[in-house]
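Undergrad: Return a 3D structure for these sequence lines:
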Amino acid sequence: MKLKHSLYVISAAALSLAGCSKYLETKTPDRFTDDVYWSSEANVRAYNWEFYNLFTGFGTGTTGDFYFSTFSDDQATTGLSVYPASAAATNGNWDWTLIRKANIMIKRVETVPMSDEAKKHWTAVARFFRAFDYFGKVKLFGDVPWIGTPLDISDTAAIYKPRDPRKLVMDSVLADINFAIDNLRATDLDNTVNKNVALAFKSRVCLFEGTYRKYHTEVGLNDADVWLAACKDASEKVMTAGYVLGANYKDIYSSMSLTGNKEVILYKVYVAGGMTHSVIGYTNSTTQMSGLTKSAVESYAATDGLPITLSPLYQGDADIKTLRMNRDKRLLQTVDTFLAYNGTLVGGLSSSTGYRPSKFLNPASNQLAPNNETDAPLFYLGEILLNYAEAVAELDQLGKYTVTNADLDKSVNLLRMRAGIAKLETQGGQTVAVNGTAFADPKKDADVTPLIWEIRRERRVELMMDGFRYQDLMRWKKGAYMDNAKNPDIFLGAKVPDNGKVLRNANGYIMTYTAGTNRPFIDPRHYLSAIPTGQISLYPAGMLKQNPGWEQ
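TA: All right, here's what the predicted structure looks like:
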């Protein structure tokens, strides 16, 4: 890629996380007057607001992290989503605008007349967002050019810089995060990036990178345990920082305001007439919804803590009422009490799989897209508890830690208790049990231990439709779950009677697509996105390499 040199100014108004307008006025409002701008901490604060656009939340249209992140094994879209047949010429994620903005801020902050504490804080803010942007790029593309200083148009060597190795980039990301943790204010303005937000981000990043390095042996990085230990440490610090799970799982996804919510570390505010979203509108209108798949619904345990393949409490799926009996409360709060599908609409509603997503609904909000006003969680305790549990389980398997029931009790069992299901126990050796009786899910992959399997189940159901699932599959090297030939339940929905219009298989389950529809997953091609061919063509021949499998 040829690095972009657009220097974005906060022009008319940049919406802050709290929905406020921030204005930057200069004598020449169409230009950034760099030599006079860096004169106060207030100006630095104004400059930083644009970074908050990196937090997608519910989005503003149909591209949010929640619900709209349908490309996984959890949801079936009304039109089949597939992998591209070839590398595209462009990709909006291959963009260095905000990286450049962060680099400029890091350099200029040193010249601003303010205290050393303030300089460190704002440098930490810029480095946090640089790390956040780079982490997203590494998840998509793997190796990317690391740019740590603001470039000038004359810096041709840096402009045409080739991709740096993953190790260099992720080590740099971690260095930025650690600097942020050490130098961010414990509190600044309400609901802005602070020390605990940086710790939560470190928990997320280190779990991702540690497991990626463990399972993707082809990258040749053998220090997964170092990253997983860093995840454990950061997670524990957040877990002891005063955050508390609320009584109701659904609350953080459906509240008109998350102000004061003790479960949420950072959130995105939506305000009527200012910034609104469409998540409620798209799960509450005649537009057919992207429903949960049979695979997703069956991942929820029974109240005895056992998978439905083993639990005597499971009543089957002959109808929605039966399916919901004796099940994890998270399922009951995530899908509605009725089935709606082609030929059997309920109040005009229809879902691709019959299951109507209900976890985001709030009757107090404007119900029409794009005017929904509920707040979106960005970092929250549930994720941190799951990160901790997965990190200690992975460290245990690597022989770097011994996981105990105390570890489970302070992490996943807090989530299970809220969900009304029995505690998960371990008896050592990566085993699991409930009420002292060991079990292993018959559906478990042969290469995944019972403990890691059940923790992954917890992650899946707790974070259902939260935007994590696809990248979880990628880091675990479980891309085959996206392939319906290997995982047919991802193209199936609820069991329903024939109504003459709905497409069903021989067992009575809704078929979300016609027979013969396929979505193959190609290894290694689909583990990373293609580098845009238009960017490759801007470089000297051979300088910018394509990702494996996308060369043709």
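Undergrad: When you work out contacts or count neighbours from here on, use the C-alpha atoms and nothing else.
TA: Fine.
Undergrad: other SSEs contacting the lengthiest helix in the chain?
TA: When the chain is parsed with DSSP state H, its longest helix is helix 116-141. Helices and strands touching helix 116-141, as assessed by 3 or more Cα pairs under 8 Å, 6 or more residues apart in numbering; DSSP states H and E, comprise helix 41-48, helix 97-109, helix 166-183.
Undergrad: Dump those to a markdown table, plus mean pLDDT and mean neighbour count.
TA: Below are the helices and strands packed on helix 116-141 laid out as a markdown table (pLDDT from 0 to 100; neighbours: other Cα atoms under 10 Å):
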| stretch | mean pLDDT | mean neighbour count |
| --- | --- | --- |
| helix 41-48 | 97 | 16 |
| helix 97-109 | 97 | 21 |
| helix 166-183 | 98 | 20 |
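Undergrad: could I get the ones you listed as JSON lines with distance to G347?
TA: Output for the helices and strands packed on helix 116-141, formatted as JSON lines (distance: least, Cα to Cα, whole Å):
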{"stretch": "helix 41-48", "distance to G347": "45"}
{"stretch": "helix 97-109", "distance to G347": "44"}
{"stretch": "helix 166-183", "distance to G347": "48"}
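Undergrad: Tell me which of these sits nearest to V271.
TA: Proximity to V271 (Cα to Cα) singles out helix 41-48 among the helices and strands packed on helix 116-141, at 20.0 Å.
Undergrad: Can I get that closest one as CSV, trimmed to CA atoms?
TA: Extracted C-alpha coordinates of helix 41-48, given in CSV (Å, rounded to 0.1, in the frame of the first residue of the first chain):
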residue,chain,number,x,y,z
GLU,A,41,-4.5,21.3,26.6
ALA,A,42,-8.0,22.2,25.5
ASN,A,43,-6.9,22.1,21.9
VAL,A,44,-5.2,18.7,22.4
ARG,A,45,-8.4,17.4,23.8
ALA,A,46,-10.3,18.7,20.8
TYR,A,47,-7.8,17.0,18.5
ASN,A,48,-8.3,13.7,20.2
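Undergrad: For that helix, name the packing helices and strands.
TA: Other helices and strands packing on helix 41-48, by 3+ Cα pairs under 8 Å, 6+ apart, are helix 116-141.
Undergrad: between the longest helix of the chain and helix 41-48, how big is the angle?
TA: Interaxial angle of helix 116-141 relative to helix 41-48 (axes from the mean of the first three to the mean of the last three Cα atoms, to 10 degrees): 10 degrees.
Undergrad: Tell me the buried residues in the following helix or strand past helix 116-141?
TA: Proceeding N to C from helix 116-141, the next assigned helix or strand is helix 156-159, under DSSP states H and E. Within helix 156-159, the residues that count as buried by 16 or more other Cα atoms under 10 Å are 158-159.
Undergrad: that older thread, the longest helix of the chain versus helix 166-183: what angle between them?
TA: 150 degrees.
Undergrad: Next, the buried residues of helix 116-141.
TA: In helix 116-141, counting by 16+ other Cα under 10 Å, buried: 118-135, 137-141.
Undergrad: just stretch 207-215 next, same as before
TA: 207-214.
Undergrad: One more: stretch 293-313?
TA: For stretch 293-313, burial by neighbour count (16+ other Cα under 10 Å) applies to 293-308, 313.
Undergrad: Now do that stretch: distance to the chain's middle.
TA: Taking Cα atoms, centre = their mean, to the nearest Å, the mean C-alpha location of stretch 293-313 is offset from the chain mean by 24 Å.
Undergrad: Quick check: end-to-end length of that stretch?
TA: 22 Å (Cα to Cα, to the nearest Å).
Undergrad: Check stretch 402-421 too.
TA: Termini of stretch 402-421 sit 25 Å apart (Cα to Cα).
Undergrad: could you give the mean pLDDT of that stretch?
TA: Average pLDDT, stretch 402-421: 98.
Undergrad: got the buried residues for that stretch?
TA: In stretch 402-421, counting by 16+ other Cα under 10 Å, buried: 402-403, 405, 407-409, 411-421.
Undergrad: Measure how buried P377 is and give me the count.
TA: If you count neighbours by other Cα atoms under 10 Å, P377 ends up with 23.
Undergrad: excluding its backbone neighbours, what's nearest it?
TA: Leaving aside its sequence neighbours, P377 sits nearest to Y267 (Cα to Cα, 6 or more residues apart in numbering; 4.3 Å).
Undergrad: right, and that neighbour touches V197 too?
TA: No. Using Cα atoms under 8 Å, Y267 makes no contact with V197, being 10.4 Å away.
Undergrad: which residues do the two both contact?
TA: The overlap between the contact sets of Y267 and V197 (Cα atoms under 8 Å, 6 or more residues apart in numbering) consists of F379.
Undergrad: so who does F66 touch?
TA: So F66 contacts 57-58, 279, 465-467 (Cα under 8 Å, 6+ apart).
Undergrad: circling back: of the buried residues of stretch 207-215, just say which sits nearest to C231.
TA: Distance to C231 across the buried residues of stretch 207-215 (Cα to Cα) is lowest for L207, with 5.6 Å.
Undergrad: Quick one: distance of the strand or helix carrying that closest one to the chain centre.
TA: Secondary structure from DSSP H and E places L207 in helix 195-215. Chain-centre distance of helix 195-215: 12 Å, with Cα atoms, centre = their mean.
Undergrad: Mean confidence (pLDDT) on the helix or strand just after it, please.
TA: Sequence-wise, the next helix or strand downstream of helix 195-215 (DSSP H and E) is helix 224-239. The average of the pLDDT scores along helix 224-239 is 98.
Undergrad: I'd like to know which elements helix 224-239 is packed against.
TA: Secondary-structure packing of helix 224-239 (3+ Cα pairs under 8 Å, 6+ apart): helix 195-215, helix 381-397.
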